[in-house]
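# Prediction below, plus the sequence it came from.
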Amino acid sequence: MRISRIEVIRVAMPFSAGRMASPQRADGPADAYNAASRTLQKMETLLVKVIADDGSVGWGEAFGHLCNPATFAALAGPVARFFIGAEIGGNPDSFAGRVEAAHQAFHAFGRTGPMLYALSAIDIAMWDLCAQAAGKPLHRLLGAMRDTVDVYASLVCYDNDPEEVALQVRRAHQAGFRAMKLHETQRAAIEAARGALPDEVALMVDVNCPWSVEEAKKRVSALKATGLGWIEEPVWPPDDAAGLAQVRSAGVPIAAGENASGVAGFRQYFEHRAIDIAQPSVAKIGGISGMRDVIRLAADNGVRVIPHCFYYGAGLLATAHIVATLPGDVALEVPWLQWSTRLYPQHDFGPSFTLPAVPGLGFQPDTDVLNRHAVDTATVA
């Protein structure tokens, strides 16, 4: 089969995070662009629908959130056009050359950022079509032997309010989650979460790249007694591999990779022995092809892979298929939100996730919901 048409669909879905009354304060300008910010009442996703000449449909998802207009422009412009006519069979070798050629063609426009995010979405959709052609669920094509994966709840930001953080982790625990991740930066809030949970519940923290190396060393050292599963991206800029290596010496496991500059960025982390956990993100790293490259590289360097996934569409399903190929103690990250409606049947996340048994990715969005929440669309043929 060959790709005949690509549709780009920007979607914004309303959600609730169960927050207490908002404090009387203004978010900083950077906070508004963080997907965990309390300023957001809708979460954006950027979907691609790749249609083949035999009528088959593959789905992908690109990173962007509030920067989606830039990724949308890349997809609706040069990236989608590059893949029109591409051949896809039941073996990934059928399209690997086209994917590599695209990375080379567009490298001058950025090795990460909107161009790579756009390529990620197309890559996921091509793997979806490939698995359909092979007649296998994607995780089976990738060699997985399990169909269900554990899930950990990724909470939004609660403004470092210890009382609310404790309340929210208790809510997540009562919902059945046995592992969860905060997006807080203050010791008091993190300790409140730890104190509100049984010891057997794993707690991780993503601080979103806020500190200098020296500040990070102090703050991470102060959290050592909390017994965190990991602290994620403590250093600005996030690709300061040598700085991360210094922070790692504080004795708390360090996770990073969501913001790596492509696969090459992970090589830098590994060469500097900077991280304990590699976190490639399927909608940012180059899709499933990029994820597989990072997983192989991490295995060569003895580093665990636990993918990043603060998405809810085709990218979340793609990540679930990837997680099914990893060791059984690797869980799937999902944003712990309450949605006003479901985009697709599995869009109601609990402590475990069963992968669709149909050939391909298994992403089957509700057309009415998709159309109702679409904020921009484009078609390339």
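Okay, I see it.

# Is I6 in a helix, a strand, or coil?
Following DSSP: H, G, I helix; E, B strand; the rest coil, the label given to I6 is strand.

# you'd agree it is up against L47?
No: using C-beta atoms under 8 Å as the test, I6 is too far from L47 to be in contact (10.9 Å). For the C-beta atoms, the positions are set from N, CA and C on the backbone; glycine is no exception.

# hey, where'd the helices end up in the stretch 1-150 of the chain?
68-74, 80-83, 93-106, 114-134, 138-141 (DSSP state H, counting those that start in this stretch).

# ok, I51 - contacts?
For I51, the contact set (C-beta atoms under 8 Å, 6 or more residues apart in numbering) comprises I3, S4, R5, I6, E7, V57.

# check contacts around the fourth one.
Contacts of I6 were listed using C-beta under 8 Å, 6+ apart, and they are V48, K49, V50, I51, L75, A80, F83, I84, I122, T379, V380, A381.

# Distance of the second one relative to Q268?
If I follow you right, that is K49. Computed as C-beta to C-beta, to the nearest Å, the K49 to Q268 distance reads 35 Å.

# quick one, strands of the stretch 251-381 of the chain?
254-256, 277-278, 304-305, 332-335, 338-339, 352-354, 374-380 (DSSP state E, counting those that start in this stretch).

# In the protein, which residue is most central in space?
C309 (2.5 Å; C-alpha atoms, centre = their mean).

# Verify the contact between that one and L317 for me.
No: in this structure, C309 is not within contact of L317 by C-beta under 8 Å, at 9.9 Å.

# So R5 is in contact with V380, correct?
Yes: R5 lies in contact with V380 (C-beta under 8 Å); the separation is 7.1 Å.

# Redo the strands of the stretch 251-381 of the chain as CSV? Include mean pLDDT.
Output for the strands of the stretch 251-381 of the chain, formatted as CSV (pLDDT from 0 to 100):
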stretch, mean pLDDT
strand 254-256, 98
strand 277-278, 98
strand 304-305, 98
strand 332-335, 97
strand 338-339, 92
strand 352-354, 97
strand 374-380, 97
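
# and of those strands, who's closest to M180?
For the strands of the stretch 251-381 of the chain, the distance to M180 is smallest for strand 332-335, at 9.8 Å, taking C-beta to C-beta.

# who has more neighbours, K49 and Q268?
K49 (21 against 16; other C-beta atoms under 10 Å).

# list the contacts for the more buried one?
Counting by C-beta under 8 Å, 6+ apart, K49 touches I6, E7, I9, V57, G58, W59, A125.

# Whichever of those end up buried, select them in ChimeraX.
Isolation of the buried members of the contacts of K49 (16 or more other C-beta atoms under 10 Å) is achieved in ChimeraX through the command below:
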select :6,7,9,57,58,59,125
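
# okay, among the contacts of K49, which ones form the most distant pair?
Of all pairs drawn from the contacts of K49, the one with the longest distance (C-beta to C-beta) is I9 and G58, at 13.5 Å.

# packing partners for the lowest-mean-pLDDT helix or strand in the chain?
When the helices and strands of the chain are scored by mean pLDDT, DSSP states H and E, strand 338-339 comes last with a mean of 92. In terms of contacts (3 or more C-beta pairs under 8 Å, 6 or more residues apart in numbering; DSSP states H and E), strand 338-339 is packed against strand 3-16.

# This completes my enquiry, with thanks.
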